[in-house]
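**Student:** how does the following fold in three dimensions:
(chains A and B)
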Amino acid sequence: MAALMLIATACKKEDKKVDYKKSIVGEWHCTPAEIDADVYVSFAEDGSFDLFQKIGEGRHRHYTGDWAIEGKTLSGHYADGTDWGSAYTMDFSTEGTMVLTALNGSEEVMVYVKEEIPSDIKNGAVEVKSAYTEDIRPIL
Amino acid sequence: MKRYSILMATLMVAAVSCVSEADFTASETAETAGEKALMTKLTGNTNGEYMEGNLLLFLNEETTARIENGETAAVVAEMFEGLEVADFQPALLSSPKNVELARELGLHRWFSVSFDKRMPLRSFAEAVAVRPEITAVQYNAMPKLASDLRSIPFKPAAQMSSAAKTQAIPFNDPMNEYQWNLLNTGDKAVASTAREGGDVGVADAWSLTAGTPDVIVAVIDAPVKYTHPDLADAMWVNEAEKNGTKGIDDDGNGFIDDIHGYNFYTDGYSYGAINWEVQGESGHGTHVAGIVAAVNGNGIGVSSIAGGTGNGDGVRLMACQVFEGGYAGGDREMANALTYAADNGACIAQCSYGYSASVFSSDNQYINAAPLEYRALKYFVNPSNCNHPSLNENVAIFAAGNEAASNSDYPGALPICVSVTAFGPDFLPAGYTNYGRGCNIAAPGGDYWIGAAKEDDNRSMILSTCISEVDSDYTWMQGSSMACPHVSGVAALGVSYAGKIGRKFGEGEFVSLLLTSVNDMNAFLQDGLKPYGDTTIGLSTYNKRMGTGAIDAWKLLMQIEGTPSIMVQSGTSCSVDISEYFGESAADLTYLEVTYDDAAKKALGLASKPKVKKGILEINCINNGSAKIRVSAIAGGGQLGGGNNIGGTEISREISIVSRGVHSSNGGWL
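**Tutor:** Below is the predicted model of the structure:
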């Protein structure tokens, strides 16, 4: 019982300490072990994001949109108006790491590491038409 | 050369249709019982034009063996007793390199007999058809070029002053500002209805490749002027012949002095030597060649799709002449060109010719009427003859034809060929183009009738290399003949890029990628009219009938790099767009089936068989995991070609499915 109380107290303490809106800003990299995926996402202070994802073959695809945080819940939608597949709870308890847990019932957990997005990925990505209104090709 | 009427040709067919199934059909070559049965009745092209003084004969195995054993004189004496024969020889000018395949296809049993042209063909055919050694008699049918052959010289002084400069063609070829087909900015000086982006989508692709010299495109056409200043450095070079002795077959390939290719037109003035100085020559082959690979970045003339960057690095053109001075070669000439191309390194056959759409109404009719050319085509595309390490098989690309008909010309309509329709700078079908059944993909072909100024300004047509001896070094032409080399050029770029990045394709994979690397045209083909001569055409007629869409070089290179997996949400039924796999017109394709193996079923936990409707994959995965499924569709029309149909080509794509807990309908990760 004492241990449980300690955990609960610690969590409350962390909630108070973490500024989620500030912590999320930056560039993140996700390489899940169970899926052939390479995902970079940049969250900007102004509430916009740039997502560069490579799922399977081909080059990275570039999505844009905006994000919002309420409490410790992150949500957002793409520039074409499509909602994200889920909202997420955020966890920054490990330095340089962001853990997003899906709130759509799947409880999928993805770990993101703070890492600069390589310029070749930024410049070489294919703009996704459905998420950007126009089919813009990369400058190579 | 005199040409017979359609009626006359039909009468002659009736006279010689006395072949037996057992004799004619090499059983090992027949693919289906239907094909086998039809081939037994084969007597030649019943509706088209054919050569006089010449017949193609299919001999039985026994007689063929006697000839191969040196008994030709005796055989000729027996078979043609009482007839005057000028020449008798194998239909193929040289024994194909792939002997096993050639024999399997029966190519060794075809012979050509020539006789006095004053002797009625019918009489000669009747006389030889009764001989037991002869299993079939075929008229040496002649296709035609898929262009109106209107060739209008480029006049730089008049036209270069007013044109809007295109912005993104990275080569210093001065005339490329008039090549809307490469980069269409929607310039109203080209046509008042010009549509930005209505081009071949190559400008961005050049940043990845502009071709590689190991890709050889055989231009089976009128002569290619290999000394043209914009083509000379793009020509395939047979080094052994170039450095050898004139008049000697230095490389032993059966053809003498074939430095850049060969002239297969046996009935002409200059058999063997490629000749563009014959009266009546149109420059068609040279024009077509320039669209594929005129040298880029050399500071002169035009740019091209796969002409390199000015550093000798473009694809190579092999000149296979089968037309001369406006006259067409026959099945024999086409067959020789195709086997030569296969045997000498070409991986793409660029063929802007065909039999008019009204001549054949099914694959079987064509196969029955042009068996030698058909089997040579099969020889060219057989995997055992593949001429590029990235490909599984060579690719044959044909023009759809210019009769404004609702089906493709043959042989392009065959499923083993790609048939190309034509659009203008307005990104709408050109009034002349064939469309519908058997047509696979669209490309820029030019449209004289929508030009901003029709009298002196022809920039709504296609500008390319031509023949100064006949007309000018650069001319405007139009036709599905001009559309076809756009697809050949893009295909050549694709093969070049695949080689560069080490991609190797499986069976049929490259053509599937080619035919799904397209932009949608159907959105512009719902209603409305456009000019065509003194009349108009209704655009809705062409809706879903221009093939899979308009070819896009960039999209092909992206697909060659690899197509991303499709993400679906586990535990729920998902509907996902598969246009990244099947092109922008995916919603308008006819889908055949979805297949997968047991391992994929288990990995994804497929609750039911996935389906595709209107370009949307409906799939329900129970498990988190990933696996591949295969989706097949028809490229061009609602039914497959083959047998008694004219129809599309089957294409199939392997789609990687990733099933996870989160899914966004636009495929985004978050």
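**Student:** B:Ala102 is in what secondary structure piece?
**Tutor:** Under DSSP states H and E, the secondary-structure element containing B:Ala102 is helix B:99-104.
**Student:** mind listing what's buried in the helix or strand following that helix?
**Tutor:** On the C-terminal side of helix B:99-104, the closest following helix or strand by DSSP H and E is strand B:110-114. Of the residues in strand B:110-114, those buried under the neighbour-count criterion (16 or more other Cβ atoms under 10 Å in any protein chain shown) are B:110-114. C-beta here means a position set from N, CA and C on the backbone, and glycine is covered the same way.
**Student:** for those residues, give me a markdown table that also has distance to chain A and pLDDT.
**Tutor:** Formatted as a markdown table, the buried residues of strand B:110-114 follow (distance: Cβ to the nearest Cβ, whole Å; pLDDT from 0 to 100):
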| residue | distance to chain A | pLDDT |
| --- | --- | --- |
| B:Trp110 | 45 | 96 |
| B:Phe111 | 50 | 96 |
| B:Ser112 | 50 | 93 |
| B:Val113 | 55 | 94 |
| B:Ser114 | 55 | 92 |
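**Student:** dump those residues into TSV; add distance to B:Ala294 as well.
**Tutor:** Converted to TSV, those look like this (distance: Cβ to Cβ, whole Å):
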residue	distance to B:Ala294
B:Trp110	36
B:Phe111	39
B:Ser112	35
B:Val113	41
B:Ser114	38
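**Student:** tell me which of the residues you listed is nearest to B:Tyr327?
**Tutor:** Using Cβ to Cβ, B:Ser114 is the member of those that sits closest to B:Tyr327, with 15.8 Å.
**Student:** for the closest one, which residues make a bridge with it?
**Tutor:** Here B:Ser114 shows beta-bridge partners B:Asn54, B:Asp87, assigned using DSSP bridges.
**Student:** show me the contacts for it.
**Tutor:** B:53-54, B:85-88 (Cβ atoms under 8 Å, 6 or more residues apart in numbering or on different chains).
**Student:** which PyMOL command selects the buried ones in the residues you listed?
**Tutor:** Buried members of the contacts of B:Ser114, identified by 16+ other Cβ under 10 Å, are gathered into one PyMOL selection as follows:
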select buried, chain B and resi 53+54+88
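**Student:** ok, so of the contacts of B:Ser114, who is nearest B:Gly401?
**Tutor:** Each of the contacts of B:Ser114 was scored against B:Gly401 by Cβ to Cβ, and B:Asn54 proved nearest at 25.0 Å.
**Student:** check the closest one and give its pLDDT.
**Tutor:** Looking at B:Asn54, its pLDDT reads 88.
**Student:** do B:Phe124 as well
**Tutor:** Taken from the predicted model, the pLDDT recorded for B:Phe124 is 85.
**Student:** can you tell me the SS state at it?
**Tutor:** Under the three-state scheme (DSSP: H, G, I helix; E, B strand; the rest coil), B:Phe124 adopts helix.
**Student:** next, the buried residues of the helix holding B:Ala102.
**Tutor:** In terms of neighbour count (16+ other Cβ under 10 Å), helix B:99-104 has its buried residues at B:101-104.
**Student:** in a markdown table: those, plus pLDDT.
**Tutor:** Supplementary listing: the buried residues of helix B:99-104 in a markdown table, determined by pLDDT from 0 to 100:
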| residue | pLDDT |
| --- | --- |
| B:Leu101 | 98 |
| B:Ala102 | 97 |
| B:Arg103 | 97 |
| B:Glu104 | 97 |
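**Student:** which of the residues you listed sits closest to chain A?
**Tutor:** Proximity of the buried residues of helix B:99-104 to chain A, judged by Cβ to the nearest Cβ, is greatest for B:Leu101, which lies at 33.4 Å.
**Student:** which residues touch the closest one?
**Tutor:** Applying Cβ under 8 Å, 6+ apart as the definition, the contact partners of B:Leu101 turn out to be B:379, B:382, B:384-385.
**Student:** which of the residues you listed are buried?
**Tutor:** A residue is treated as buried here by neighbour count (16+ other Cβ under 10 Å); on that basis the buried members of these are B:379, B:382, B:385.
**Student:** hey, where'd the helices end up in chain A?
**Tutor:** Secondary structure of chain A (DSSP state H): helices located at A:2-17, A:20-23, A:119-124, A:129-132.
**Student:** next step: the contacts of B:Leu101 restricted to helices.
**Tutor:** Secondary structure assignment (DSSP H) places B:Tyr379 from these within helices.
**Student:** Serialize the contacts of B:Leu101 to TSV and add fields for pLDDT and distance to chain A.
**Tutor:** Below are these laid out as TSV (pLDDT from 0 to 100; distance: Cβ to the nearest Cβ, whole Å):
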residue	pLDDT	distance to chain A
B:Tyr379	98	33
B:Asn382	98	29
B:Ser384	98	28
B:Asn385	98	29
